[in-house]
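Asker: Here is my input; please provide its structure:
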Amino acid sequence: MKRFYTNLVFIALFFSLTSSFAQSDFLVKGKIVDAATGNPIEAATVYAETLKDSTLITYTITNAEGAFVLEGKTAYKKVRVAFSSNGYQSKSQEIELQPSIELKTIELEERVQQLAGIDVVGERVPITIKKDTLEFNADSFKVRPDATVEDVLKKLPGVEVDSDGKITVNGKEVNQVLVNGQVFFSTDPKVATKTLSKDVISKIQITNTKTKEQEFVGDEGDGETKTINLTLKEDKNKGYMGRLSGGYGTDDRYQANGLINYFNDTKRISVLGSSNNINNPGFSFDEIYEMVGNARGGGFSFNRGGGFAIGDLSFGFGQGITTSSTLGGSFADQEKGKYKIDGNYFYAYSDSYNDEKIARENILPDGSYFTDTETSFVGTTNSNQGSANLEFDVDKTTRITIQPSLSVNTTNSTNTENTVSTDEDGNLINSSASFQTSDGFQRNFRNRLEVMKKLDTLGGYVRVYFENNNRVNDSESLLNSQRSIFGDNPSEQLQDQQTLVDNANNSYELGASYRYKLNKDYYLDARYSYNNNKQNNERSVSDFDEVTGDYVYNSSLSSDFDFKVNKHIPEVGVGSNGKKFRFNFRARLEQINLDNQDFIQSTSLAKDYNKLLFNSYANYTIGNSKRLSAHYNSNLNVPSVTQLQPVPNVSNPLNVIVGNPNLDPEINHSIYLNYNDYNWKDRTGIFMYSGINMEEDKIVSNTTTDANFIRTTTYQNVKGNYNGWAGISYSKQIKKDSLYTLKFTINPFANFSKQIGFTNGSRLEAQSFNVNPRIGLLFNFKEKFEFEPEYRLGVNSTKYNLDNVDDINFITHNVSLKLTSFWPENVVWGNDITYSYNGNLGAGFDKDAIFWNMSLGLQMFKKKATLKVLAYDLLNQNINTRRTTGQDFIQDFQGTVLKRYFMGSLTIKFDSFGGNGGPNKRGGPRFMRF
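Answerer: This is a model prediction of the structure:
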C-alpha cells in the first residue's frame, strides 16, 4: 500500500513538471478608469484567452485604485486580453507576451441601455462582481463534456466541494442552490449540483443567503451562509432533459433511478423516482461514484436503527442497511413583479435492519462498572411529504407569502436488546433481555402567512405574520423484558407491558415588525411576537395479568396531561446597512408562562420565566475580498415535558427515568468570530473562525446507581458547561492554460468542551480537547486524469475530575484517495480508497480498515449512455466503529454496514431543447442517436 501511494504521488509530480516545459511566464500590468470621469474602476475583470478558440488562460480583478496585475504561464506567444466591468462596455486587445508588460491606462465607457433582442456576441467574461453577487461564466471553466454542475464548482476559485457534496465559498457553507432563482426540488444543494449537466448552465451566481425580509427590502444577507443561483442558457431554457439508471449485482443488490426536467422559460416541472437497497437516496447521478451507496454515513443525517434523511424526507430509521423507494415531483413558475411559486411532493418507503454492539464503562465516584449491549433492529416507514412556497406581489410595495407543508408518516419496528453488567473484577451483576414492537403514526402540518409592505424608498417597512404548527404523534408498543440481579440477593423481574401514546402538539405564533429608517444606512427596529403552544399527551401503560389473560391498566406508570406554554416577546433593535460596515444590536424580553396538569397523577405545576436577552452582529468589509464579522446570540430553552413530568418511565428496566418539576430554563450564550479573504491575483483564500457556547442553567442528568447497578435518572440545572472551537481553512489554486489545474487545501481545526453531570450525589466533570487537521489536494490533467488525495488526523483527549478514573487519549487517522481516469476516450475508471484507524477501541472492536470502491465505465452513443461495472468495498473491510466519551461514561460502538458487492449498471441521458421544448424542434430528442 505504501508503494501504491508513492507511485501515485510520483505520477502527479511528473505531470506537474512536464507541463511546465515549453511554457513561459508573463506579467501584464495596467489601470482601468471611467472614460468620462477618470475615476478608477474597482472590481473590473481582466482576463487573457487564446486567439484560436478563446480558451481562458488566466484572469484577475482590479483593486480600489483600478490597478491590476495579470500573471500566468502559457506556451502561446500572442493572446487576447479583455477588460470588463458591470455597467461598462467591454474592451479587448491582442498583445505579444513578454516577461513584463505595462499597458496604457484602459478607459471604459458606460454602457448605454441595450436594445431588446440585441446580444453582445463573443464576450465570455469569466468572472463579474455585481454589488453583493459574484458571477462566474460556466463556459469559461473547462471540464469534460459530460460534467455536472458539481464538477464546474470544483474549478471555481474559492469554492470547495468535499467528498459528501458539501459546498463552501471562501469558507462559508452553501445552504441552498437555486435554478433561475427558484427552488429545485428542495434547498438541499446536492440535488441540483449532482443532477444538472454543466452544458445547460450559463452563469453561476454566488450571493449571501437572505431572509424573506432581506430579499423584499433589498438588504444584504449577513454573509454567514451562501446561496448559489444557476441560470440556464437561453437555448436550454425551453425543452426537457433527463436521466435513467439501473443496476443489479451480487447479494441481490440493486438500484434504479430516473429524473426528468421540463423547462419553458420561467416554468419548470421535474419528476424523479428511485429504488435501491444500497443506502442510496437516489438523487445523485454522478457518472463515476453514483452507485457506491453510502460508505461511512457522511452527507446525510442518520438515526438509530437503519436509514437516513434528506431534509425532512425520511428513508428508514438510522444506521444499518436500508431498502428504499422514492417517487416525487416538483413545480416552479414566476413572473417578475407579480408572483413566484414552487411546490413539491415526495412519497418514500423504506425498510431497515441494523445490529449493534456497544461496550460502555459507566463512571461512579468510587469506581466503575461495565455494560455490554447487543441489539437487533428491523423497521419500516412510509412517508408522504408536500410543501409549497407562494409569493404574490400585490403592487411594487406589498408582498404576500404563504408557505404550507404537510407530512404524514407511518412506522413499525421490532427491537431486541440484551445487556449484561459486570463490576471492575468481571463479576456478573445484572442482565436484561427485552423484545419490543412498536407502531407509530405522525402527521405534521405547518403554514406561515406573511405580509410585508415597504414604507419608503430608503428601506423602511412593516411586516405581519401568522404561523401554525400542528403535530400528531401516536404510537402503540408492546414490551417483553426480563431483568435478573445476581450476587448475594438474587432476584428476577418479568415485564409484559403495553403502552399507548396519543400526543398532539399545536403551536400558533402571531408577530409583527416595523423598521424606521433614520437615514440611508441607519435604522431602528421594533418587533413583537406572541406564541401559544399546547401539548396534549396521554400515555396509557398496562401490565399483562396472567390470571385474566388480559392487560390491566397501571395508573402509577401512566399519565394524561396538558402542557401549555405562552410566550410574549417584545424586541427593539438598532443597526446599519452601510457599504463597508454593517451591524445590528437587539434586546428582547422573553416572558414565558408554563402550565402543566396531569389528570391521572393529580399533579400540576405552573412557572413563570422573565429573561432579558441580547443578540448582535457586526460585519466589516475590507475591499472586495476581505470580510471580518462577529456575532453574539443568546437563546432560552424551556424544559421539555419529559424532563418536568415526575412519572417513572420504566421502558428500560436497568435505567428508570423520572422528571423534575422544579427545573429552570436553559440559557445559551454563543460568540462567533470569523475572517475571510480571497486573493484573486494569487488564487489563494483564507478563512479563520472561532466560537464558544456557554450554557447557563444547563439541564443535565442526575443518576443514582444502587448496589445492583440499577440506575434511576432525573434532571437538574447546573452552571459551567461550555464548548468551543477554532479553525483555519487555506486554499490555493494553480492553473496552467488548459493543461492542468492544481488546488490544495489545509484545514487545521480544534475544539474543546466541558460537560458536567451528577452520579450518586457526586459532581462529575469531563473536559475534552480535540485537534483535527486536514490536508487535501485536487490535481486535474487535461480533463483526462484526476487525482484527489486527503489526510485527516484526530488527536483526542478527555480528562476527568475523579482520581479513580484515568484520562482518555487516542488518535484517529483517515487517508483517502480518489483517482479517476477519463482516458482512453469514452472509458471512465474510478477508484475511491479510504484507510481509517480508530485508536484505543476496546477488545472485540475493529480498529482499522481499508475501504475501496472501484468502477469501470464505458460511455457510448456520444456520451449519452454509460455502461459500468462497480466493485463496492473491494477488500471486504468496511466497518462502522467509533468511540465516544461523556462526563460519566466511555463507550465503544459497532454497527451494521454494507459489505462487498459487485454491480453492473446502465445510465442513459436524453434531452431536447429549442422552440417550445417539443421533441420535434431541432431534430427531436437526442437519445442514443447513431
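
Asker: For S576, pull up the helix or strand it's in.
Answerer: Secondary structure assigned from DSSP states H and E places S576 in strand 559-577.

Asker: Pull the distance from that strand to the chain's centre.
Answerer: Relative to its parent chain, strand 559-577 has a centroid offset of 28 Å by C-alpha atoms, centre = their mean, to the nearest Å.

Asker: What of stretch 687-701?
Answerer: In this view, stretch 687-701 has its centroid 21 Å away from the chain centroid, taken as C-alpha atoms, centre = their mean.

Asker: For that stretch, C-alpha coordinates in PDB please.
Answerer: The C-alpha trace of stretch 687-701 is given here as PDB (Å, rounded to 0.1, in the frame of the first residue of the first chain):
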ATOM      1  CA  PHE A 687     -10.900  31.600   6.300                       C
ATOM      2  CA  MET A 688     -10.300  31.900  10.000                       C
ATOM      3  CA  TYR A 689     -13.100  31.300  12.600                       C
ATOM      4  CA  SER A 690     -13.600  30.600  16.200                       C
ATOM      5  CA  GLY A 691     -16.600  30.400  18.600                       C
ATOM      6  CA  ILE A 692     -17.700  29.400  22.100                       C
ATOM      7  CA  ASN A 693     -21.100  28.300  23.500                       C
ATOM      8  CA  MET A 694     -21.600  28.900  27.300                       C
ATOM      9  CA  GLU A 695     -24.600  27.100  28.800                       C
ATOM     10  CA  GLU A 696     -26.200  28.700  31.800                       C
ATOM     11  CA  ASP A 697     -28.500  26.500  33.900                       C
ATOM     12  CA  LYS A 698     -27.900  23.600  31.600                       C
ATOM     13  CA  ILE A 699     -30.300  20.700  32.200                       C
ATOM     14  CA  VAL A 700     -28.200  17.600  32.900                       C
ATOM     15  CA  SER A 701     -28.800  14.100  34.200                       C
END
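
Asker: could you give the angle of the next helix-or-strand element following the strand holding S576 to strand 559-577?
Answerer: Using DSSP H and E, the next helix or strand after strand 559-577 towards the C-terminus is strand 581-598. Interaxial angle, strand 581-598 versus strand 559-577 (axes from the mean of the first three to the mean of the last three C-alpha atoms, to 10 degrees): 170 degrees.

Asker: Counting by contacts, list what strand 581-598 packs against.
Answerer: Secondary-structure packing of strand 581-598 (3 or more C-beta pairs under 8 Å, 6 or more residues apart in numbering; DSSP states H and E): strand 559-577, strand 603-622. Backbone N, C-alpha and C define where each C-beta goes, glycine included.

Asker: which of these is buried the deepest?
Answerer: Mean neighbours per residue, mean count of other C-beta atoms under 10 Å, is largest over the helices and strands packed on strand 581-598 for strand 559-577, with a mean of 18.

Asker: Can you tell me the SS state at D393?
Answerer: Local secondary structure at D393 is given as strand here, using DSSP: H, G, I helix; E, B strand; the rest coil.

Asker: and it, what are its bridge partners?
Answerer: D393 has these beta-bridge partners by DSSP bridges: R399.

Asker: what's it in contact with, if anything?
Answerer: Listed by C-beta atoms under 8 Å, 6 or more residues apart in numbering, the contact partners of D393 are 337-339, 399.

Asker: List buried residues within the residues you listed.
Answerer: Neighbour counting over the contacts of D393 (16 or more other C-beta atoms under 10 Å) leaves R399 as the buried ones.

Asker: residue contacts, P824?
Answerer: Residues near P824 by C-beta under 8 Å, 6+ apart: none.

Asker: what helix or strand is it on?
Answerer: For P824, there is no host helix or strand (DSSP H and E).

Asker: and what of E94?
Answerer: Here E94 is assigned to strand 91-96, by DSSP H and E.

Asker: got the CA coordinates for that strand in PDB?
Answerer: Extracted as PDB, the C-alpha positions of strand 91-96 are listed here (Å, rounded to 0.1, in the frame of the first residue of the first chain):
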ATOM      1  CA  LYS A  91     -12.700  46.300 -24.500                       C
ATOM      2  CA  SER A  92     -10.000  43.900 -25.600                       C
ATOM      3  CA  GLN A  93      -6.600  44.000 -27.400                       C
ATOM      4  CA  GLU A  94      -4.200  41.500 -28.700                       C
ATOM      5  CA  ILE A  95      -0.700  41.600 -27.200                       C
ATOM      6  CA  GLU A  96       2.600  39.900 -27.700                       C
END
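
Asker: Below-threshold pLDDT in the stretch 351-500 of the chain: ranges please.
Answerer: Filtered on pLDDT under 70, the stretch 351-500 of the chain yields no residues whatsoever.

Asker: returning to that earlier point: next one: the strand holding E94 to chain centre, how far?
Answerer: In terms of C-alpha atoms, centre = their mean, the centre of strand 91-96 is set 44 Å apart from its chain centre.

Asker: Paired strands for that strand, with orientation please.
Answerer: Paired neighbours of strand 91-96 in the sheet (DSSP bridges): strand 78-84 (antiparallel).

Asker: returning to what we had before: quick one: which of the helices and strands packed on strand 581-598 has the weakest pLDDT on average?
Answerer: Among the helices and strands packed on strand 581-598, strand 603-622 has the lowest mean pLDDT, at a mean of 89.

Asker: Strand partners (parallel or antiparallel) of that one?
Answerer: strand 581-598 (antiparallel), strand 626-637 (antiparallel).

Asker: I'd like those laid out as JSON lines, including distance to R443.
Answerer: Output for these, formatted as JSON lines (distance: least, C-beta to C-beta, whole Å):
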{"stretch": "strand 581-598", "distance to R443": "24"}
{"stretch": "strand 626-637", "distance to R443": "25"}
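
Asker: can you tell which of those strands is closest to V152?
Answerer: Smallest distance to V152 across the strands paired with strand 603-622 (C-beta to C-beta): 24.5 Å, for strand 626-637.

Asker: Tell me which residues of the closest one come out buried.
Answerer: Here strand 626-637 shows 627-629, 631, 633-634, 636 as buried, counting by 16+ other C-beta under 10 Å.

Asker: what do you get for stretch 578-592?
Answerer: 582-586, 588, 590, 592.

Asker: Run the chain-centre distance for it.
Answerer: Taking C-alpha atoms, centre = their mean, one finds stretch 578-592 lying 27 Å from the centre of the chain it belongs to.

Asker: re the thing from before, sort out for me which of the contacts of D393 are in strands.
Answerer: Residues of the contacts of D393 located in strands (DSSP state E): 339, 399.

Asker: and of the contacts of D393, the nearest to A43?
Answerer: Once C-beta to C-beta is applied, the member of these that ends up nearest A43 is G337, at 28.7 Å.

Asker: by contact count, what packs against the strand holding S576?
Answerer: Against strand 559-577 (3+ C-beta pairs under 8 Å, 6+ apart) you get strand 522-545, strand 581-598.

Asker: what's the next secondary structure element after the longest one?
Answerer: Read in the C-terminal direction, the helix or strand following strand 522-545 is strand 550-553, with elements assigned using DSSP H and E.

Asker: how far is that next one from where the chain is centred?
Answerer: Per C-alpha atoms, centre = their mean, the centroid offset for strand 550-553 relative to its chain is 47 Å.

Asker: Just the residues contacting it, thanks.
Answerer: For strand 550-553, contacts defined as C-beta under 8 Å, 6+ apart pick out 498, 540-545.

Asker: Out of those, which comes closest to S477?
Answerer: Q498 (7.4 Å).

Asker: circling back to that earlier point, mean confidence score for the strand holding E94?
Answerer: The average pLDDT within strand 91-96 is 92.

Asker: Direction included, what does the next helix-or-strand element following it pair against?
Answerer: Using DSSP H and E, the helix or strand that directly follows strand 91-96 along the chain is strand 101-102. Partners of strand 101-102 in the sheet, by DSSP bridges, are strand 24-34 (parallel).
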